[in-house]
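Q: Show me the folded form of this:
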Amino acid sequence: MKLETKLVHISEPDELTGAISTPIYQTSSYVQEAPDVNKGFAYTRTANPTRKVVEQAIADLEGGIAGFAFSSGLAATDCVLKLLKQGDEVIAVNDVYGGTYRILTTVYNKFGIISKFIDTTNLENVRNAINKKTRFIWLETPTNPTLKISDIEEIAKIAKQAGALLIVDNTFLSPALQQPISLGADIVVHSGTKYLSGHGDVLSGFVVVNDQNIADELKYLQNTSGGVLSPFDSWLTLRGIQTLYLRLEKHSENAKKIAEYLLTHPKVDKVYYPGLKDHHNHDIAAKQQKNFGGMVSFSLKEDTLKAAKRFLTRTKIFLLAENLGDVRSLGSHPATMTHKSTPIEVRKETGIQDSLIRLSVGIENIDDLLNDIKQALD
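A: Model prediction:
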């Protein structure tokens, strides 16, 4: 079955009633026939029929054997990090999402977990950083917000040789455009708040794995920690996934045209978009992605916070918001929003300068979007 068809038929009709839309099982508990004798459900933190459908759906789409749904993307990240033990080391891409940077450097460091942040677009950097204590290599590709591309397949080989697990945050592309497990990744993480749900009305996170032992451990951790996705948000995510392919096609089409326009504007300094042929590792993006996605970042020649704020407060269609992946176009300022908790010296080193602006390009008419950017820059 082709992906477009699979996405539309992401859930089967309800066996009990024939309902074509998965029912919302809005219940916390389930009547049992006898102590520890039930119909597969005892308490919704442990399992819920609606959540079970969306967990199986995301596992199928990513090509994994098991999926897990959480109350946010960071709750999903936190559960994966709980696989670590004192003394383990994590190698992470150096411009990783600010929330991931924060949890690694201010929470897990207290428990003796060491994190190294490197430019994973260079394979030699990965080979030089890895050692016997390395348990995880944590990638985003493309990264948030400078859209760096790392070679998943080659880094998976390095990880396996070292006995480490490769985790890929696939939020920016979703399984509609990239499937890291097919390239050798062990674990895939998503903020389902973004493209999977796609309408700015859900907070969710997902983990997909391709190993039964890891799946068993994550299931235990999910139940023990309890940060699970609610039945209603599970249903909303299922509804959003059905249009994922169509949305990502339009997001990508609009984003490429905006990136090409920004390249020509005299007030723009740098444009970050993997679909541009002069983008570093464009060829790798073309190899491992089905399209280039809906995220575009750019910096201004007037490299000041004031200039970035002038642009972001003058757009009419691009709404200033700390989110992405919405059908609506959104703008954000990483240095003061998504990456505010990242130390300024780290931000500067990874290209997150004061004038850097991140656009989540929506599915509106491209002429309206281009006109909005033009008037704001002017």
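Q: I'd say residue 75 and residue 227 touch.
A: Yes: here residue 75 reaches residue 227: they are 3.8 Å apart, a contact under C-beta atoms under 8 Å. For the C-beta atoms, the positions are set from N, CA and C on the backbone; glycine is no exception.
Q: out of the two, which sits in the busier spot?
A: The residue with more neighbours, out of residue 75 and residue 227, is residue 75; 21 against 17, by other C-beta atoms under 10 Å.
Q: gap between that one and residue 203?
A: Remark: distance between residue 75 and residue 203 (C-beta to C-beta, to the nearest Å) = 9 Å.
Q: any idea how far residue 352 is from residue 242?
A: Residue 352 is 35 Å from residue 242, by C-beta to C-beta.
Q: same check, this time on residue 84
A: 35 Å.
Q: cool, and residue 28?
A: Taken as C-beta to C-beta, the span from residue 28 to residue 242 is 27 Å.
Q: Looking at those two now, which is surrounded by more residues?
A: Taking neighbours as other C-beta under 10 Å, residue 28 and residue 242 compare with residue 242 leading, 16 against 9.
Q: Confirm for me that the more buried one is in contact with residue 8.
A: Yes: using C-beta under 8 Å, residue 242 is in contact with residue 8, at 5.4 Å.
Q: Name all residues that make contact with residue 224.
A: Listed by C-beta atoms under 8 Å, 6 or more residues apart in numbering, residue 224 has no contact partners.
Q: How about the one 3 residues further on?
A: Applying C-beta under 8 Å, 6+ apart, we find residue 227 in contact with 70-72, 75, 78-79.
Q: My reading is that residue 68 is in a strand; is that accurate?
A: Yes: counting by DSSP: H, G, I helix; E, B strand; the rest coil, residue 68 is part of a strand.
Q: Quick check: beta-bridge partners of it?
A: Bridge pairing for residue 68 (DSSP bridges) gives the partners residue 207.
Q: What distance do you get for it to residue 99?
A: Taking C-beta to C-beta as the measure, residue 68 falls 18 Å from residue 99.
Q: Which one of these two is surrounded by more residues?
A: Between residue 68 and residue 99, counted using other C-beta under 10 Å, the more crowded position is residue 68 (24 against 19).
Q: What confidence value was assigned to that one?
A: Reported pLDDT at residue 68 in the predicted model: 98.
Q: My guess is it contacts residue 223. True?
A: No: in this structure residue 68 lies outside contact range of residue 223 using C-beta under 8 Å: 9.9 Å.
Q: on that earlier part again, closest one of the contacts of residue 227 to residue 195?
A: residue 72 (15.1 Å; C-beta to C-beta).
Q: tally of neighbours for that closest one?
A: Number of residues near residue 72 (other C-beta under 10 Å) recorded here: 18.
Q: Phi first, then psi, for it.
A: Main-chain dihedrals, residue 72, degrees, to the nearest 10: phi -160, psi 170.
Q: can you pull the contacts of it?
A: Residue 72 neighbours (C-beta under 8 Å, 6+ apart): 191, 193, 203-205, 227.
Q: Top of the residues you listed by number of neighbours, please.
A: That'd be residue 191 among the contacts of residue 72, by other C-beta under 10 Å, with 29 neighbours.
Q: give me phi/psi at that one?
A: According to degrees, to the nearest 10, residue 191 has phi -90, psi 100.
Q: Would you mind listing the residues in contact with it?
A: Residue 191 sits in contact with 72-74, 76, 169, 171, 204-205, where contact means C-beta under 8 Å, 6+ apart.
Q: where exactly do the helices run in the stretch 101-250 of the chain?
A: 123-129, 152-162, 212-225, 231-241, 244-264 (DSSP state H, counting those that start in this stretch).
Q: Now do the worst-scoring helix or strand of the chain on mean pLDDT: which elements does it pack against?
A: Every helix and strand in the chain was compared by mean pLDDT, DSSP states H and E; the lowest is helix 344-349, with a mean of 77. Contact analysis of helix 344-349 by 3 or more C-beta pairs under 8 Å, 6 or more residues apart in numbering; DSSP states H and E lists no helix or strand as a packing neighbour.
Q: Leaving out chain neighbours, which residue sits closest to the most centrally placed residue in the chain?
A: The chain has residue 171 as the residue nearest its centroid, 1.7 Å off, counting by C-alpha atoms, centre = their mean. Leaving aside its chain neighbours, residue 171 sits nearest to residue 191 (4.6 Å; criterion: C-beta to C-beta, 6 or more residues apart in numbering).
Q: For the one you found, give its distance to residue 356.
A: Separation of residue 191 from residue 356 (C-beta to C-beta): 20 Å.
Q: Please consider this matter closed, and thank you.
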